[in-house]
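# Generate a structure from the sequence data that follows.
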Amino acid sequence: SALAGTHDVQADRHRDILTVTVSEEGGTAPVAATARATAARLAQAEENLTAREESVFEEYLLGDIAEELHRQIGAAEALTRRMNTVLEAAHSSQGVRVELSWEPSPQLDPAERAAFALAKKPLAQRGAEENDRLRRALMDRIRATRAQGSGTGYAELLSGALDYRRWYAYRVRIHDTGPDGQPRDRRIRQLSSGETRLVSYVTLFAASAAFYDALQSDAEGPLRMVLLDEAFERLDDPTIARLLELLVDLDMDWAITWPSGYGVSPKIDRMHIYDILKRTGAWGVACARTTWNGAGFERAGQAGAGTGPAYPLG
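So this is what the prediction gives:
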């Protein structure tokens, strides 16, 4: 039934033997012969397609697409450098510092790693042998993506196969000073739970700042906002204050909910704080607003304090 549109299938029985013949444009033949001929035509079509793809890649990939890959990878490296610039100045009270490295993904084999590294070089600096290695590696990646049977069109196939972000992975390196006064590297599991959370937030803030920096094209730029829910668990108020000071240094605004505490600092010129109050068994909640003005607290309703409506953040 699947062949009904292009082939005529005839089944007959001779002396209790079932015979099947298939008729098509090329004539009539036993089903096995037709299968072999169809397989040969399919292999030839795939070979022709591969040759056509390679011709297209020879003409375009090593030109516009390769240069676009080079530009995108360079932009990602610039973002990483901006993040590390922020992280260089963000230390915990114990001197823990974070550094990010953007390295080839461990999922790549050595040949792919070496070939994809060539995309970092502009076309004018690559030789013929390097161009051929890069082309073969990208063609292999495209064939592997097609073999997964995603069923997408060719444009989607190329987009997935040439997604350079899958070729790299971030590695978080943690540094501090050892008991001997010398710099040392630390692993995540060697940190306290508070230090681990601090490392996570500092890295997140650095990534956000670098992202906004990349978007800024004029004096005003975008709204630099950080939104976090249920943040700063197991961090004390001084540590929270240092994290908020980092956001101030990065020219970031924020809307953050956390379980308790204020974490205020003179570096924070203004911050609205909403305390959500709920009595056990009560059907509703109350919201008390306090404003930090950089030097002290202003309670809602006090002289000089804002008296507008207070909306809880969480």
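
# So, low pLDDT: which residues of the protein?
1-5, 48-51, 54-55, 57-63, 93, 149-152, 217-219, 301-314 (pLDDT under 70).

# how about the helices in it?
Secondary structure of the chain (DSSP state H): helices located at 31-56, 66-88, 110-116, 128-147, 154-161, 193-215, 237-249.

# With distance to Gly95 and mean neighbour count as new columns, can these be given to me in a markdown table?
For the C-beta atoms, the positions are set from N, CA and C on the backbone; glycine is no exception. Listed next are the helices of the chain as a markdown table, based on distance: least, CB to CB, whole Å; neighbours: other CB atoms under 10 Å:
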| stretch | distance to Gly95 | mean neighbour count |
| --- | --- | --- |
| helix 31-56 | 54 | 12 |
| helix 66-88 | 13 | 17 |
| helix 110-116 | 34 | 16 |
| helix 128-147 | 42 | 16 |
| helix 154-161 | 43 | 14 |
| helix 193-215 | 10 | 18 |
| helix 237-249 | 13 | 18 |
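
# Could I get those in CSV, plus columns for distance to Ser260?
Formatted as CSV, the entries for these read as follows, by distance: least, CB to CB, whole Å:
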stretch, distance to Ser260
helix 31-56, 60
helix 66-88, 28
helix 110-116, 48
helix 128-147, 49
helix 154-161, 45
helix 193-215, 15
helix 237-249, 9
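
# quick one, which of these is nearest to Ala282?
For the helices of the chain, the distance to Ala282 is smallest for helix 237-249, at 27.6 Å, taking CB to CB.

# how distant is that closest one from the center of its chain?
Remark: helix 237-249 is offset 26 Å from the chain centroid, using CA atoms, centre = their mean, to the nearest Å.

# and that helix, what does it pack onto?
Of the remaining helices and strands, those touching helix 237-249 by 3 or more CB pairs under 8 Å, 6 or more residues apart in numbering; DSSP states H and E are helix 193-215, strand 253-256.

# Could you provide the ones you listed in CSV, with additional columns for distance to Gln10?
Written out in CSV, the entries for the helices and strands packed on helix 237-249 read as follows (distance: least, CB to CB, whole Å):
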stretch, distance to Gln10
helix 193-215, 66
strand 253-256, 73
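
# Nearest to Ser101, out of these?
Of all the helices and strands packed on helix 237-249, helix 193-215 sits nearest to Ser101, with 12.2 Å by CB to CB.
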